[in-house]
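Quick check, what structure comes out for this input:
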Amino acid sequence: MMESDGVTYPLEKTRNIGIVAHIDAGKTTTTERILFYTGRIHRIGEVDEGTTTTDWMPQEQERGITITAAAITTFWKDFRINIIDTPGHVDFTVEVERSLKVLDGAVVIFDAVSGVESQSETVWRQADRYGVPRMCYINKMDRTGADFYGTFKQIEDRLGHRPVALQLPIGSETNFVGVVDLLKEKALIWDKEQGVNIEELPIPADMVEKVKEWRHLLVERVGEVDDKIMEKYIHEQPVSREELHEAIHRATIAGKIVPVLTGASARNKGVQPLLDAVCDYLPSPLEVPPIKGTNPNTQKEEERRTKHDEPMSALAFKIMSDPFVGKLTFLRVYSGILKSGAYYINANRDEQERIGKLVRMHANKQEIVKEVGAGDIAAAVGLKETKTGDTICDKEHPILLEGMSFPEPVVSLAIEAETKLDQDKLGTALARLQEEDPTFRVRYNQETSQTIIAGMGELHLEVLLDRMKREFKVNTKVGPPQVAYKETITKKAEDVPGKFIQQSGGRGQYGHVVIDVEPGERGSGVVFENKTTGGSIPKEFISPAKQGILESAASGVLAGYPVIDILVELVDGSYHDVDSSEMAFKIAGSMALREAVKRAGPIFLEPVMNLEVVVPEEFLGEVVGDLNSRRCRILDMGQRANVKVIRGEVPLGEMFGYATKVRSLTQGRGSYAMEPLAYQEVPSSQKEKIMQGREGSRRNG
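Predicted coordinates for the structure are as follows:
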């Protein structure tokens, strides 16, 4: 069933959902089954074979992981579902962040063997931050070591939410055949082939007592957050399936409970009831609160409701380069109707933009539509100035919706083109990739004449380099990965002068500033305050002095790494009527800062990561020994199914190449996940190493 335009479909029958999870929990496999059962594809693709629909990039197919959040529109019964399959790898966490920002609900998938893993927690916290209602799907019930009840308990203990089981598995591992639906009180058994036919049978005799107990728990948990059910529960009156159904819907949308379902997507079991639950319990665009924003003209807060007759407002949440149509901008329409060929305003940049063409996406295939209504997601062709997080809105009723914040990159590489021909293409490729990915940064280092690219991890940069080669046909040479160290200070330095005087016949140069510096708050960057009095420095020279200070901070003092978290006060200075110039004060500001930082107990800061390593028990000793040699602070060692889980904090600089090392230590059976935690002081024993490493890279550059 296709639609001719986006407006004819009722909003109460629309769902915007994301599928999120830790790497390898089975997100893409589940999405592939959803597309098969909803009739969008006629043959099921497999991640292991590189034939899935949403993992369409060559890099995704080769690595068996999802890198970009793919957006798909599909139909189930009489519902339209916009699905975003997001990556699970921490290097691409921004893809999850920006997807959750525009989704109404999420399905969080857990591996029944591994339970709640580190990236599942990260995703859960991101969903908490955006207030996204969610449901859980415990996948891989067919695998050896699968434990539905253990994973359910972990969701409760580690994620701090109130999970409510709507299903129980019948059997597990190779004996997993289906589920018991606790609302219908029936067993659902899938056929052996592609799981298209589901048989409804009475509950197996050996599960009757367990089903009774869990059905009672279901009513009790829903009753705790729903007065109508509680009333019946207290008076021991029977609760009908319909009443329970409605209460679960209300409580899920309010974020008071999280429904839990189970299955084995790769064995084609469990996906159709999951689709039913998405339609039954996750919110329609009409059930989410109105979006708030600021009117750029009046600076007053306004809101937009999900209605077609409201002024148009939409948020650009992703930009993608398409080989056929150029730049695709993914938009979530919050109010009004977005029309193809119409002109709108970009509220962030105050620029007029024209929608050239609107397409509804089926992974990387497209269906052209004339218009897209409130509450829907589509991609636009032809937007020139719009970046991720920008608002597109009606010219007569401008509104600036809340944008998105992105983490700072932690790993950098020096990159250069192999030939003159590649040199010309390199700039274009870098600009296009930066447009797509807000966590990818590019800068030019004047001292070494190198182009530096920075991202969220080794895999992130590896994939981007691979894309440059394949999509943009650019061959590059890269240096070894470098950690994004920072510099800061530990004490106050007062009355530090910066004086630039040059006399060389004719007009000279004269700039003189005096500054105080002190440690600032963590995360504050460089804060500049002008505390001069009595016109010791004319007004027009304050800004150049500030510029000199900021530029000097950006290139660092100890080893050229940016100086952060300092408060700089301009307290005094002097000028010359003839010889003073903006340039002289800029240089004086720069000189003063360098001297002040040297006096203020400068130190290095390094990015420290949260680390989780999963290893079979027999390799625990070697892995822990190796982690200790990497300056890892081990916080906790736990058990999960038949493996050990080590949690700790480790400096990123010690973890390059760890993927290979952990595999060799555990005969290929260990895995790990990391995510940025904070910047912390580098021990003095490492300080010299960093300085020498920096010197070496400068000389080689």
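
going forward, measure contacts between C-alpha atoms and count neighbours the same way
Noted.

neighbours around residue 319, how many?
Neighbour count of residue 319, defined by other CA atoms under 10 Å: 24.

who touches the nearest residue to residue 556 once chain neighbours are set aside in this structure?
Nearest residue to residue 556 in three dimensions, chain neighbours excluded: residue 562, at 4.6 Å (CA to CA, 6 or more residues apart in numbering). Under the criterion of CA atoms under 8 Å, 6 or more residues apart in numbering, the neighbours of residue 562 are 485, 486, 487, 553, 554, 555, 556.

residues of stretch 401-419 that come out buried?
For stretch 401-419, burial by neighbour count (16 or more other CA atoms under 10 Å) applies to 401, 403, 409, 410, 411, 412, 413, 414, 415, 416, 417.

Output those residues in JSON lines, with distance to residue 76, pLDDT and secondary structure appended to each entry.
Listed next are the buried residues of stretch 401-419 as JSON lines, based on distance: CA to CA, whole Å; pLDDT from 0 to 100; DSSP: H, G, I helix; E, B strand; the rest coil:
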{"residue": "401", "distance to residue 76": "31", "pLDDT": "88", "secondary structure": "strand"}
{"residue": "403", "distance to residue 76": "32", "pLDDT": "66", "secondary structure": "coil"}
{"residue": "409", "distance to residue 76": "40", "pLDDT": "77", "secondary structure": "coil"}
{"residue": "410", "distance to residue 76": "42", "pLDDT": "75", "secondary structure": "coil"}
{"residue": "411", "distance to residue 76": "43", "pLDDT": "79", "secondary structure": "strand"}
{"residue": "412", "distance to residue 76": "44", "pLDDT": "80", "secondary structure": "strand"}
{"residue": "413", "distance to residue 76": "46", "pLDDT": "83", "secondary structure": "strand"}
{"residue": "414", "distance to residue 76": "48", "pLDDT": "85", "secondary structure": "strand"}
{"residue": "415", "distance to residue 76": "47", "pLDDT": "89", "secondary structure": "strand"}
{"residue": "416", "distance to residue 76": "49", "pLDDT": "87", "secondary structure": "strand"}
{"residue": "417", "distance to residue 76": "49", "pLDDT": "86", "secondary structure": "strand"}
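
could I get those as CSV with distance to residue 635?
Below are the buried residues of stretch 401-419 laid out as CSV (distance: CA to CA, whole Å):
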residue, distance to residue 635
401, 40
403, 35
409, 25
410, 23
411, 24
412, 28
413, 31
414, 34
415, 37
416, 41
417, 43
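
Tell me the most packed of the contacts of residue 562, by neighbour count.
Going by other CA under 10 Å, residue 487 tops those with 26 neighbours.

That one contacts residue 607, doesn't it?
No. With contact defined as CA atoms under 8 Å, residue 487 does not reach residue 607; the gap is 11.5 Å.

Would you map the strands across the stretch 251-400 of the chain?
Along the stretch 251-400 of the chain, counting by DSSP state E, counting those that start in this stretch, strands occupy 258-262, 291-294, 301-304, 313-322, 326-335, 337-339, 343-346, 351-354, 357-362, 365-369, 371-373, 377-381, 391-393, 400-401.

how about the fourth one as PDB, C-alpha atoms only?
In this case it means strand 313-322. Taking Å, rounded to 0.1, in the frame of the first residue of the first chain, the C-alpha atoms of strand 313-322 are listed here in PDB:
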ATOM      1  CA  SER A 313       8.000  24.000  11.400                       C
ATOM      2  CA  ALA A 314      10.500  21.200  10.900                       C
ATOM      3  CA  LEU A 315      13.800  20.100  12.400                       C
ATOM      4  CA  ALA A 316      16.700  18.900  10.200                       C
ATOM      5  CA  PHE A 317      18.100  16.000  12.100                       C
ATOM      6  CA  LYS A 318      20.500  14.400   9.500                       C
ATOM      7  CA  ILE A 319      22.200  15.200   6.300                       C
ATOM      8  CA  MET A 320      23.300  12.600   3.800                       C
ATOM      9  CA  SER A 321      25.200  12.700   0.500                       C
ATOM     10  CA  ASP A 322      23.300  10.700  -2.100                       C
END
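
For that strand, which strands pair with it and how are they oriented?
Using DSSP bridges, strand 313-322 pairs in its sheet with strand 326-335 (antiparallel), strand 391-393 (antiparallel).
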